[in-house]
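K.L.:
task: produce atomic coordinates for the following.
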Amino acid sequence: MEGGNSPNLQLQQLPLATAAVSVQPHTDSFSYKENLIGALLAIFGHLVISIALNLQKYSHIRLAGSKDPRAYFKTKTWWCGLFLLVLGELGVFSSYAFAPLSLIVPLSAVSVIASAIIGIIFIKEKWKPKDFLRRYVLSFVGCGLAIVGTYLLITFGPNSHEKMTGENITRHLVSWPFLLYMLVEIVMFCLLLYFYKEKNANYIVVILLLVALLGSMTVVTVKAVAGMIVVSIQGNLQLDYPIFYIMLVCMIATAIFQATFLAQASQLYDSSQIASIGYILSTTVAITAGATFYLDFTGEDVLHICMFALGCLIAFLGVFLITRNRKKSVPFEPYISMDAMPGMQNMHDKGIAVQPDLKASFSYGALENNDNMPEIYTPATLPIVQEQHGSKGVSAPPYRVLEHSKKDCEVESIHLSKK
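P.N.:
Modelled structure (predicted):
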């Protein structure tokens, strides 16, 4: 009986094995197609966001340089930028529903590339070809490296896909790798927040690490929310699961706190430093969160993982070179130097100047320091000479101005101030 039944069993198992082999290539091609759709949506979204922000900036600059009394939100350019900004954010949001998180996050380098190209094209100042190459060669090299890194990220990105259902997200949320990761992240966040608030550790790495830790939770929840919405649109309703609303609240809360820390960092440091360091830290932490929560690199071979890491490193270097070439803004000094006022003495306290000298870094209404000012505006140090008064009834000026080109005018101003 057993010998006669074994051939039948073998014949029945052959079609199943053949069917399983035929399904696997179809699944791989479909997953690569989803990766491409998600990557294209992310690239489109970041390009549109960059154009939108530059349009809004152009609207503010044009109003500031004209006598137009209108507010910025009453101009068509600003509203066009706002519309493009919403469109770009929707593109980036929807991209998380198609491609793995570890593939979408590094593609934010596209916005840095687009901003660098737009800044070079629409630059207002005059330049010579030699000065242009010397000044913007780092930007061109950085853009090239960032494009190469983006290509490697798309080509060798992780290929893990699963339905973003409520059951799958809940299973990932209570898995021990993610719980361990959350414990480490909470401890790091509390320590950094303690040093930042209590010890006044206002270092850029500390602030941007806080932003990166919050951002990793933001992208994890964004992928969950976007994926559940797409699955619901496809016919399998997921909006009645409580995990959807938990993820939605976490997404909004972490995004708000992340924007708060970014605003504080922008008040202390230059935007180019924030862009480069923030991109590197946020991308690294977000990829770690995606690999822990969604298991993005499960089943990937070593070659693909190494090439993906190489693409990240090349993109990091490209963004660093692009942002390093930007002009550093000169901080405005909100005081009027007492040395610039004629007839006033130079106040000192034990050899240390109370007011900084005018030649140091004084700027008002200009982008650059006025280091080559005419000598007529150079502050003059007026020595104090105590005069002997002959009679008590006659009031004499307590100060005498020596070695000054405008002696009469200054003495007269001192007399008027005494009266």
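K.L.:
got the buried residues for stretch 59-69?
P.N.:
Buried residues in stretch 59-69, counted by 16 or more other CB atoms under 10 Å: 59, 63. In this view, the C-beta of every residue, glycine as well, is placed from N, C-alpha and C.
K.L.:
using PDB, write out every CA atom in it.
P.N.:
Written as PDB, here are the backbone C-alpha positions of stretch 59-69 (Å, rounded to 0.1, in the frame of the first residue of the first chain):
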ATOM      1  CA  SER A  59       8.100  86.500  -2.400                       C
ATOM      2  CA  HIS A  60       9.400  87.800   1.000                       C
ATOM      3  CA  ILE A  61      12.500  89.300  -0.700                       C
ATOM      4  CA  ARG A  62      10.600  91.000  -3.400                       C
ATOM      5  CA  LEU A  63       8.200  92.600  -0.900                       C
ATOM      6  CA  ALA A  64      11.100  93.700   1.300                       C
ATOM      7  CA  GLY A  65      12.900  95.400  -1.600                       C
ATOM      8  CA  SER A  66       9.800  97.300  -2.800                       C
ATOM      9  CA  LYS A  67       7.300  99.800  -1.500                       C
ATOM     10  CA  ASP A  68       4.400  97.400  -1.800                       C
ATOM     11  CA  PRO A  69       2.400  97.700   1.500                       C
END
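K.L.:
residue ranges with poor pLDDT in the chain?
P.N.:
Residues of the chain that meet the criterion pLDDT under 70 lie in 1-31, 68, 122-135, 325-419.
K.L.:
helices of the stretch 101-250 of the chain, start to end?
P.N.:
Ranges of helices in the stretch 101-250 of the chain, per DSSP state H, counting those that start in this stretch, are 101-104, 109-121, 129-155, 166-173, 176-197, 204-233, 242-268.
K.L.:
out of those, which gets nearest to residue 310?
P.N.:
Evaluated with CB to CB, those place helix 129-155 nearest to residue 310, the distance being 6.2 Å.
K.L.:
so which elements touch the closest one?
P.N.:
Secondary-structure packing of helix 129-155 (3 or more CB pairs under 8 Å, 6 or more residues apart in numbering; DSSP states H and E): helix 2-64, helix 109-121, helix 302-324.
K.L.:
could you dump the helices of the stretch 101-250 of the chain to a markdown table with distance to residue 91 and mean neighbour count?
P.N.:
Putting these into a markdown table (distance: least, CB to CB, whole Å; neighbours: other CB atoms under 10 Å) gives the following:
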| stretch | distance to residue 91 | mean neighbour count |
| --- | --- | --- |
| helix 101-104 | 11 | 26 |
| helix 109-121 | 11 | 20 |
| helix 129-155 | 16 | 17 |
| helix 166-173 | 23 | 16 |
| helix 176-197 | 28 | 13 |
| helix 204-233 | 11 | 22 |
| helix 242-268 | 17 | 15 |
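K.L.:
for residue 77, which of those is the nearest?
P.N.:
So among these, helix 109-121 is nearest, using CB to CB, at 14.5 Å.
K.L.:
quick one on the thing from earlier: residue 76 is nearest to which of the helices of the stretch 101-250 of the chain?
P.N.:
Of the helices of the stretch 101-250 of the chain, nearest to residue 76 by CB to CB is helix 109-121, at 19.3 Å.
K.L.:
only C-alpha atoms, please: export that closest one in PDB.
P.N.:
Extracted in PDB, the C-alpha atoms of helix 109-121 (Å, rounded to 0.1, in the frame of the first residue of the first chain):
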ATOM      1  CA  ALA A 109      19.300  64.700  -0.200                       C
ATOM      2  CA  VAL A 110      17.400  65.600  -3.400                       C
ATOM      3  CA  SER A 111      16.000  68.700  -1.700                       C
ATOM      4  CA  VAL A 112      19.600  69.800  -0.800                       C
ATOM      5  CA  ILE A 113      20.700  69.200  -4.400                       C
ATOM      6  CA  ALA A 114      17.700  71.200  -5.800                       C
ATOM      7  CA  SER A 115      18.300  74.100  -3.400                       C
ATOM      8  CA  ALA A 116      21.900  74.300  -4.400                       C
ATOM      9  CA  ILE A 117      21.100  74.300  -8.200                       C
ATOM     10  CA  ILE A 118      18.300  76.900  -7.700                       C
ATOM     11  CA  GLY A 119      20.600  79.100  -5.600                       C
ATOM     12  CA  ILE A 120      23.300  79.000  -8.400                       C
ATOM     13  CA  ILE A 121      20.900  79.700 -11.200                       C
END
